[in-house]
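Trainee: Below are the sequence and a predicted model; questions follow.
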Amino acid sequence: MKPILTSILLTFSVFLYAQDKNTANDSIKKMETELDEMVLEKKKKAVERQADRVIFDFSEQSHLNSGMLLDGLKKLPGLIVSDVAGMMYQGKGLQVYMDGRPLNIYSQDLTAYLEGIPGNTIEKVEIITHPGAEFPATSGGAIINIVSSKKSQKYLSATYSNGYSYTNYDNARHRFNNSLTLNSGNKLFNWQINAGQSYTESYQSSEFFSPDYLISRNLTDRTNRYYYLKTGLKFDFKMDRLLVNYDITTNNTSSYINAAGNGFISDDKGKTKNFYNDVMLTYQKRFEDPFKKLDFRVNYNNNNGNFDQDSRLNDNIVLNNDSDQDFYQFKTDYSQQLEFLDKTKISAGALADRLDFEAKSFGNTNLDYSRTTLGFYAEGHANYKNFEFIVGSRLESYDIHGNAGSDDLIPFKQTRFFPNALVQYNVMPQIYVNASYNKKIRLPNTSALNPNNTSYQNPNLGSFGNPFLQPTIYNNYELELNAFEYFFINYSITDANNQIISRVVTTDNGAAITNENVNNATIYNFNFGIPIPYMLFTKGLKKTLEFDFNPDEINFLFIYVGNQKNIIPGLDTKSVWNINLTSQIILPAKVKFTASYGTTNTGGYYNYYVVDKPLNQRVDLTFSKKFLSDNLSVSLYVNDLFNTVHQNLSIAQTDLIYNSRYDSRRVGFSLSYKIPSKNKQAKEEGNILNSVPTNEEQNTIGN
C-alpha cells in the first residue's frame, strides 16, 4: 500500500509542476500577442482546498452544472442531500448562504429553491468546513456558500443559458429552464442583472406501513414554476466602494396526491406559493495598505409562504397554512495585516440581527416567534515558517421569546462564549496536515418550529414542527491530511447537546413526522478521497512522470469513501458508509466524458432512520464540449441511468417502514453561450452579485 500511495503522490507533484509550467507558458503567449497590456489569469481548479474551506468549481465542471443546482450538489463527494438526513457535508449540518448572505430558507422551501436554480448559472460552491469567529456562531457545523456566475462587468456583455430534460417513469414529464445575465459599467457605476425561470414536472411514490397494515401509500405528481431576478450595483469612490444587491424569487408549486391506507382513500391537491426578496447594502472602506479593510453590511430579507390542501373528492379544505418571516441584520468587519512572525492578519467585528416569524392556520395565529442576536468577535491568522495558526473567539447574546397559541414558548436568554482554533503544518507545497476545534450553536429554524403542516396530510399521516425546540450546542474536533487538493483523509468528532433531529412517531391513526431534541448525541465521521490517473495503468509510473499535463484535463478516477456514525442514547446504532466514484475521460475532439456512481451500505443509522437498502444509489453520465472559441458550452447527460434512486428506511424504536421512489432517471441537455464582446478591453471581474469579496479581490482593491 505504501509504495502505491507514494507513487500517486509523486505523480501529483508532477501534476502541480506541470500546471504551473502550463500557466507560465500561457502567460508568455499572451504577452507575445497582446503587446498593449499584460493579462494575468489564474487557472481554475476543479477543487481547491484552503485551511478552513473546500471550493468546488461549477463553471467548468459539466457533470455538476448540466442540470439544476440541486442535481449538482448531490454529486459532490461527501455532500449528502436527502429527505431524512437533510443537507450535510462530511457529517456536519450545513447552513445555506447565497452570494455571501444567509438564505434563511429551510426544508421543502429550500429544496424547491435549489431545484429552481440552473446549475450553469453557478460559478462555484464553497463549503466552509471550519467556520471561524468571523462567521456567526449559529452557523453550527459548517456553511455552504453558493456563488453566482462571475461575468464581465466592464463594457456590455451577456450570457444566455438554458436546459431541458425529461423522464418517462410512469409517464412523460418535462423540465426546462432559461436564464440571462447582463453586465455593463460606466464612469459612475457597474451593474449586473441575472434573471431566469425554471419549470419542473416530477413524480414520487411513497408509503408508510407496519407489519400489520398499510398506513399510507401516496402517488404524487408535482409541478413547480420558479422565477428569479438578481441585481447588483457597484459604485466606486476612489478606493472605497458601495455594493447594492436586490434579489427576488417566486415559487409556485402544484401537487396532485392520490393516497390510500387503512380505512381511507383520498385525492387531494396541494398548492404552495412562496415569495422571497432580499436586499443588502455593503460599504467597503479601503486604505493605502491593501491588506487593511473595513466593511459595513445591512441586510433584510422577507420570506412569505402559503400552503393549501384541498380535497378533490368532497371539495373540503384540508389545510390552509400561512407564514411570514422577516430578517434584519447589521454586520461590520475590520481586518489588518501586521508585521509579526512571517505574516499575521487580525480581524474583529460586530453583528446584530433580529428574526420575526408568524405562522397561521385558517387565519388563526398559532406561532409568534422573535429572536434577537448580538455578537462580537476577534480572530488572528498567523504564518510562521511551515505553520499556519487561526485562533479566535466570539461572544454572542440571544433573546428568544414568543408564544404558540395560548402557550408561551420556553424563553432562551443567554450569553455564550464560542472559541475556535486551527493549526496547520505545511509539509511541502500543496501538502499539509491540520487540526481544529470550534464551539458553535444552532438555533432551531422556523421550519422546524412551525406547528402547521406545510407539506401534506391525510387521516393516517401528517407532518408538524415543534415550537418548543431548544438550541443545540456543538463541540467540533477535526484532523485532516491533504495533498495536492485531491488526496485527503480526515476524521472528525462532533458532540451535540440538545441535538435537533427529525423523527417519525406513531399516532392513534398511523404516523407523524416531527422534530425533537435529543439530550446528548455524538457524530463520528471519517472521509477518504484519492485520485488515480488512468495512465498509471497504461504507461506505468516512469512514463507518467515524464508527461507535461494539467491535472484537471486528464483521464482519472476519483474515489471517495465516507463513514458516519451517529451515537444516540438508547439506540445501538451502526455507521453509514458512503461511496462515490467519479471518472473523467477526454475523448477525441476534446469531448469530456464524466461518469459518477454513488451508493451506501445497508443497516446504517441516520439518527432514528435505518437504511434498509442502499440509499440514493445512482449512475450519472455527462458528455460536454465547448465551441466558438469556448464561448458556447454544450452538455448532454443522463442522471440515474438505471433508475435506482430510492429510499427504504426502517424507523428505530417503532415497527414502521418508509419507502419512496422518484422519477430520477432524466435525459437532458444544457447550454451556456457567452455573447462575445467586440471591445478587446472587456475582461472578467469580480461578481457584484456576491456582497462578500474573495481573498484575491480584497488584496487588489486600492492598488
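Mentor: Thanks, I have the structure now.
Trainee: mind listing what the residue lying closest to Leu188 once chain neighbours are set aside touches?
Mentor: Closest residue to Leu188 apart from its sequence neighbours, by C-beta to C-beta, 6 or more residues apart in numbering: Phe235 at 7.0 Å. Bear in mind the C-beta positions are built from the backbone N, C-alpha and C, glycine included. Contacts for Phe235 (C-beta atoms under 8 Å, 6 or more residues apart in numbering) come out as Leu188, Phe189, Arg241, Leu242, Val244.
Trainee: Can you get me a residue count around the first one?
Mentor: Other residues near Leu188 number 8, with proximity taken as other C-beta atoms under 10 Å.
Trainee: Which residues are in contact with the residue most central in space within the chain?
Mentor: Most central in the chain under C-alpha atoms, centre = their mean is Ile144, positioned 4.3 Å from the mean C-alpha point. Applying C-beta under 8 Å, 6+ apart, one finds that Ile144 lies in contact with Met87, Tyr89, Leu94, Gln95, Val96, Tyr97, Val125, Glu126, Ile127, Ile128.
Trainee: follow-up on the earlier one: let me have the contacts of Phe235 in TSV, adding pLDDT and secondary structure as columns.
Mentor: Formatted as TSV, these follow (pLDDT from 0 to 100; DSSP: H, G, I helix; E, B strand; the rest coil):
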residue	pLDDT	secondary structure
Leu188	85	coil
Phe189	89	strand
Arg241	94	strand
Leu242	96	strand
Val244	96	strand
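Trainee: Let's have the residues you listed in CSV, adding distance to Leu671.
Mentor: Shown next, in CSV, are the contacts of Phe235 (distance: C-beta to C-beta, whole Å):
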residue, distance to Leu671
Leu188, 34
Phe189, 31
Arg241, 34
Leu242, 35
Val244, 31
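Trainee: What subset of those is buried?
Mentor: Buried members of the contacts of Phe235, counted by 16 or more other C-beta atoms under 10 Å: Arg241, Val244.
Trainee: and the two most separated of the contacts of Phe235?
Mentor: Leu188 and Val244 (12.9 Å; C-beta to C-beta).
Trainee: which residues in the stretch 251-400 of the chain form strands?
Mentor: Under the criterion DSSP state E, counting those that start in this stretch, the stretch 251-400 of the chain contains strands at 264-286, 293-311, 317-338, 343-361, 364-384, 387-404.
Trainee: can I get those strands in JSON lines with distance to Leu219?
Mentor: Listed next are those as JSON lines, based on distance: least, C-beta to C-beta, whole Å:
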{"stretch": "strand 264-286", "distance to Leu219": "10"}
{"stretch": "strand 293-311", "distance to Leu219": "15"}
{"stretch": "strand 317-338", "distance to Leu219": "17"}
{"stretch": "strand 343-361", "distance to Leu219": "26"}
{"stretch": "strand 364-384", "distance to Leu219": "30"}
{"stretch": "strand 387-404", "distance to Leu219": "34"}
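Trainee: how about those strands in CSV, adding mean neighbour count?
Mentor: As requested, the strands of the stretch 251-400 of the chain are arranged in CSV below (neighbours: other C-beta atoms under 10 Å):
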stretch, mean neighbour count
strand 264-286, 18
strand 293-311, 18
strand 317-338, 17
strand 343-361, 18
strand 364-384, 17
strand 387-404, 18
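Trainee: Quick one: closest of the ones you listed to Leu449.
Mentor: Short answer: strand 364-384, nearest of these by C-beta to C-beta, at 6.1 Å.
Trainee: tell me the average confidence for stretch 275-287?
Mentor: In this model, stretch 275-287 carries a mean pLDDT of 96.
Trainee: Also stretch 106-117?
Mentor: 88.
Trainee: pLDDT below threshold where in the stretch 101-250 of the chain?
Mentor: Residues of the stretch 101-250 of the chain that meet the criterion pLDDT under 70 lie in 150-155.
Trainee: which stretches of it form helices?
Mentor: 107-116 (DSSP state H, counting those that start in this stretch).
Trainee: Just the strands from it, written as ranges.
Mentor: Ranges of strands within the stretch 101-250 of the chain are 101-102, 122-128, 142-148, 157-167, 173-185, 189-209, 214-237, 240-261, based on DSSP E, counting those that start in this stretch.
Trainee: closest to Tyr597 out of these?
Mentor: Nearest of those to Tyr597, taken as C-beta to C-beta: strand 157-167 at 19.5 Å.
Trainee: who touches the closest residue to Leu110 other than its chain neighbours in this structure?
Mentor: Closest residue in space to Leu110, ignoring its immediate chain neighbours: Val96 at 6.5 Å, by C-beta to C-beta, 6+ apart. By C-beta under 8 Å, 6+ apart, the contact list for Val96 reads Met87, Pro102, Leu103, Ile105, Leu110, Ile143, Ile144, Ile146.
Trainee: Who is Val96 paired with across the strands?
Mentor: With DSSP bridges applied, Val96 shows beta-bridge pairing to Ile144.
Trainee: Same question for the one 5 residues further on.
Mentor: Following DSSP bridges, Arg101 is listed with bridge partners Met98.
Trainee: Quickly note the distance from it to Ala260.
Mentor: 44 Å (C-beta to C-beta, to the nearest Å).
Trainee: ok, those two, which is more surrounded?
Mentor: Arg101 (22 against 17).
Trainee: contacting residues for the more buried one?
Mentor: Under the criterion of C-beta under 8 Å, 6+ apart, the contact list for Arg101 reads Asn245, Asp278, Met280, Asn299, Asn301, Ser691.
Trainee: same deal with Ile579?
Mentor: By C-beta under 8 Å, 6+ apart, the contact list for Ile579 reads Tyr560, Val561, Gly562, Tyr597, Gly598, Thr599, Thr600.
Trainee: same thing with Tyr256?
Mentor: Per C-beta under 8 Å, 6+ apart, neighbours of Tyr256: Thr220, Asp221, Arg222, Asp267, Asp268, Lys269, Gly270.
Trainee: switch the cut-off to 7 Å
Mentor: Shown in contact with Tyr256 (C-beta atoms under 7 Å, 6 or more residues apart in numbering): Asp221, Lys269.
Trainee: His174: which of the strands of the stretch 251-400 of the chain is closest?
Mentor: With C-beta to C-beta as the measure, strand 264-286 is the member of the strands of the stretch 251-400 of the chain nearest His174 (19.8 Å).
Trainee: Direction included, what does the closest one pair up with?
Mentor: Strand 264-286 has its sheet partners listed here by DSSP bridges as strand 240-261 (antiparallel), strand 293-311 (antiparallel).
Trainee: Could you check how far the residue nearest to the centre of the chain is from Phe556?
Mentor: Taken as C-beta to C-beta, the span from Ile144 to Phe556 is 25 Å.
Trainee: Helices along the stretch 551-700 of the chain, start to end?
Mentor: Using DSSP H, counting those that start in this stretch, helices in the stretch 551-700 of the chain cover 695-700.
Trainee: So, low pLDDT: which residues of it?
Mentor: Applying pLDDT under 70 to the stretch 551-700 of the chain flags the ranges 551-552, 677-700.
Trainee: Try it again at 90.
Mentor: 551-554, 616, 629-630, 646, 674-700 (pLDDT under 90).
Trainee: can you redo the contacts of Ile579 as a markdown table with distance to Gly465 and neighbour count?
Mentor: Converted to a markdown table, those look like this (distance: C-beta to C-beta, whole Å; neighbours: other C-beta atoms under 10 Å):
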| residue | distance to Gly465 | neighbour count |
| --- | --- | --- |
| Tyr560 | 34 | 20 |
| Val561 | 35 | 17 |
| Gly562 | 30 | 24 |
| Tyr597 | 36 | 14 |
| Gly598 | 30 | 22 |
| Thr599 | 32 | 17 |
| Thr600 | 28 | 21 |
